[in-house]
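> predicted coordinates and the sequence they were generated for:
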Amino acid sequence: MSIFPLSKDPQPDEAEFNAFFPSKFALGQFTSPKSDLAGADYAQPHKGSRRILVIGTDERYLEMDNGTLFSTGNHAIETLVPMYHLRQAGFEFDVATVSGNSMKFEFWAMPKEDAAITGLHEALIEKFQKPLRLSDVVKGLGPNSDYAAVFIPGGHGPLIGLPFSADVAAVLRWALDSNRHIIAICHGPAALLSLSATGDGGEFPFAGYTITAFPDATDRMIPDIGYMPGHLTWQFGEKLKALGVTIANSEPDNSTFKDRKLLTGAGPLAANALGKLAAETLLAEVAAG
């Protein structure tokens, strides 16, 4: 082990001008070579055709307040650990992005010593690299669609386009109208804001809901350790609160929350608990018919 402290300077992403990965210090604080998969055994998995629609981010670079770019995407653990639980519970996936371009991952967060998670990524690589275009998915939605739930993974990537997408709003509106579950973790709940950006003048449908999500206060702190090369230009939690949403957690902890059909988790530490909550909730629902 090195006797020298890990650098807090963001690491350059040489694929793009003025873009950066998290610092070595930040990676040491916020990533792990293995993930928690406790409780991912389901005695009676789903045997039917119900599926999960995963809405991934197709954007890599998030502009900071100082003009630098954060090299981001969907957080590997926040994406793959809940998906591992759902697959163990018998559910398969459709993956979609707004553009139909490949889903972007924060590979620096991949638990590389966790064969179950790296194996799941490899098994689903074609879906991640060649996702559906979300507008095409919207055209096929109806009351009898096979989707049991919509899953919006975290990472900072979802902040780039999902909160402003009419197609994301259409999927969420369908889920609410069709009594389907919505699962979101970390920055994934920012996608809920898409329903405030449609300009229909109606009440925000998640007003009065309680969620867990990545705290704005932590986002304001992590540039100090080089996790991001600058500060965010806006805070999604602040906007959700202004629309009547309560955020139950104040730390990026392992907390989850279930409010009606909305299941949320605070961040990577909550990925296993959210996966288990989602799998158990959906199995109970499909068993009840």
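Alright, I've got the coordinates.
> where does pLDDT dip in the stretch 51-200 of the chain?
Scanning the stretch 51-200 of the chain for pLDDT under 70 picks out the ranges 197-200.
> now the helices: where do they sit in it?
76-88, 115-123, 125-129, 134-140, 158-161, 166-177 (DSSP state H, counting those that start in this stretch).
> tell me the most buried of those helices?
Greatest average neighbour count among these goes to helix 76-88 (a mean of 27), per mean count of other CB atoms under 10 Å. For every residue, glycine as well, the C-beta is placed using N, CA and C.
> pLDDT of the top helix by length along the chain, averaged?
Counting residues, the longest helix found in the chain (DSSP state H) is helix 271-288. The average pLDDT within helix 271-288 is 96.
> what packs against that helix?
Applying 3 or more CB pairs under 8 Å, 6 or more residues apart in numbering; DSSP states H and E, we find helix 271-288 packed against helix 76-88, strand 147-152, strand 181-185, strand 256-259, strand 262-265.
> okay, the ones you listed in JSON lines with distance to Ala217 next?
Formatted as JSON lines, those follow (distance: least, CB to CB, whole Å):
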{"stretch": "helix 76-88", "distance to Ala217": "19"}
{"stretch": "strand 147-152", "distance to Ala217": "22"}
{"stretch": "strand 181-185", "distance to Ala217": "18"}
{"stretch": "strand 256-259", "distance to Ala217": "18"}
{"stretch": "strand 262-265", "distance to Ala217": "17"}
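> out of these, flag the one nearest Glu113.
Closest to Glu113 of these is helix 76-88 (CB to CB; 12.5 Å).
> and that closest one, C-alpha only, in PDB?
Provided in PDB are the C-alpha atoms of helix 76-88 (Å, rounded to 0.1, in the frame of the first residue of the first chain):
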ATOM      1  CA  ALA A  76     -22.800   0.500 -12.400                       C
ATOM      2  CA  ILE A  77     -23.800  -0.700  -9.000                       C
ATOM      3  CA  GLU A  78     -27.000   1.400  -9.000                       C
ATOM      4  CA  THR A  79     -28.000  -0.100 -12.300                       C
ATOM      5  CA  LEU A  80     -26.800  -3.700 -12.100                       C
ATOM      6  CA  VAL A  81     -27.500  -4.700  -8.500                       C
ATOM      7  CA  PRO A  82     -31.200  -3.900  -8.600                       C
ATOM      8  CA  MET A  83     -31.300  -5.600 -12.000                       C
ATOM      9  CA  TYR A  84     -29.600  -8.700 -10.500                       C
ATOM     10  CA  HIS A  85     -32.300  -9.000  -7.900                       C
ATOM     11  CA  LEU A  86     -35.100  -8.500 -10.500                       C
ATOM     12  CA  ARG A  87     -33.600 -11.100 -12.800                       C
ATOM     13  CA  GLN A  88     -33.100 -13.500  -9.900                       C
END
